[in-house]
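Visitor: sequence plus predicted model, see below.
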Amino acid sequence: MKLPIVITLIGTTLTTFVSSPSHASNTLHFTPYFGYSFSGQITDDNGNKIRIEDDPHLAFSLDTDFETGRIGLFISHQPNEARDIQGDGSFTYFQFQSSIRYDTSPSFDAYFGGSLGTTIVESDWSNDDLLFSGGFFGGAEYKINNNTKLVFEGRWLANLIDSNTTAICQLPTGDETCKIKIDSDWISQFQTNIGVSFSF
């Protein structure tokens, strides 16, 4: 069920880039990242704490120049698990992003921006496949040459969760089935990323 969603999101975005009038004259920037995600926690209506483990992640962005900044797509995948709740899971972010860029020196650029989109969730503590998500980010780029840059980035991401399901929880009395009920709460993650940007 989730694979068609992923294919549709990627296909729609790539079609938009290719068919855009600005594509012919503007540079495309492809940036793969490796990073580490630090996750917050929430407490549901029944007192169960949802604490996502901190884990490494992989990500990439595809952007094009737009006025004084860039617009594009950010995708990030993080395998994770929640403490005291059985079952592995993952967060996969699909977000459209926009940033403003500053030439701080001949060798360094800085940028700041925001993103908005959805998160595909694989977990036993959420009965929703898709979450609304957004975030802010900023970073710096070191120019290796005209077409290659080393990227250092920090990114804050937030996911809006509504859930009413059951999961196997690890309680002091042993593993038991517990009811997970979350009513419009936010769970945050902070990413530290390092990547290499290629311009075409």
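Guide: Arrived safely, thanks for sending. Residues are numbered from 1 along each chain as shown.
Visitor: quick one: secondary structure of Asn46?
Guide: Following DSSP: H, G, I helix; E, B strand; the rest coil, the label given to Asn46 is coil.
Visitor: show me what Thr177 bridges to in the sheet.
Guide: Ile168 (DSSP bridges).
Visitor: neighbours of the closest residue to Asp103 other than its chain neighbours, how many?
Guide: Beyond its immediate neighbours in the sequence, the residue positioned closest to Asp103 (CB to CB, 6 or more residues apart in numbering) is Asp109, lying 5.7 Å away. C-beta here means a position set from N, CA and C on the backbone, and glycine is covered the same way. Residue neighbour count, defined by other CB atoms under 10 Å, stands at 18 for Asp109.
Visitor: which is the next helix or strand following the helix or strand where Asp109 lies?
Guide: Secondary structure assignment for Asp109, by DSSP states H and E: strand 108-122. Once the chain leaves strand 108-122, the next helix or strand it forms, by DSSP H and E, is strand 130-145.
Visitor: which strands and helices lie in contact with that following strand?
Guide: For strand 130-145, the helices and strands in contact under the criterion 3 or more CB pairs under 8 Å, 6 or more residues apart in numbering; DSSP states H and E are strand 88-103, strand 108-122, strand 148-171.
Visitor: show residues contacting the helix or strand containing Arg51.
Guide: For Arg51, the element it lies in under DSSP H and E is strand 49-51. Contacting residues not belonging to strand 49-51 are listed as 39, 41-44, 82-85, 125, 180, 182, 187 [CB atoms under 8 Å, 6 or more residues apart in numbering].
Visitor: list the strands paired with that strand, with their directions.
Guide: With DSSP bridges as the criterion, the sheet partners recorded for strand 49-51 are strand 41-43 (antiparallel).
Visitor: quick check, Lys143 in contact with Asp103.
Guide: No. With the criterion set as CB atoms under 8 Å, Lys143 and Asp103 do not qualify as a contacting pair; they are 10.0 Å apart.
Visitor: which residues are in contact with each of these two?
Guide: Shared between the contact lists of Lys143 and Asp103 (criterion: CB under 8 Å, 6+ apart) are residues Asp109.
Visitor: of the two, which one has the most company?
Guide: Neighbour tally, Lys143 and Asp103, criterion other CB under 10 Å: the higher count belongs to Lys143, 15 against 8.
Visitor: show me what that one is bridged to.
Guide: Lys143 has these beta-bridge partners by DSSP bridges: Lys149.
Visitor: coming back round to it: what lines up beside the strand holding Asp109 in the sheet?
Guide: Taking DSSP bridges as the criterion, strand 108-122 forms sheet pairs with strand 88-103 (antiparallel), strand 130-145 (antiparallel).
Visitor: please compute how far that strand lies from its chain's middle.
Guide: Shown here is strand 108-122, whose average C-alpha point lies 6 Å from the average C-alpha point of the whole chain (CA atoms, centre = their mean, to the nearest Å).
Visitor: now do the contacts for the residue nearest to Asp103.
Guide: So Asp109 contacts 101-103, 140-141, 143, 149 (CB under 8 Å, 6+ apart).
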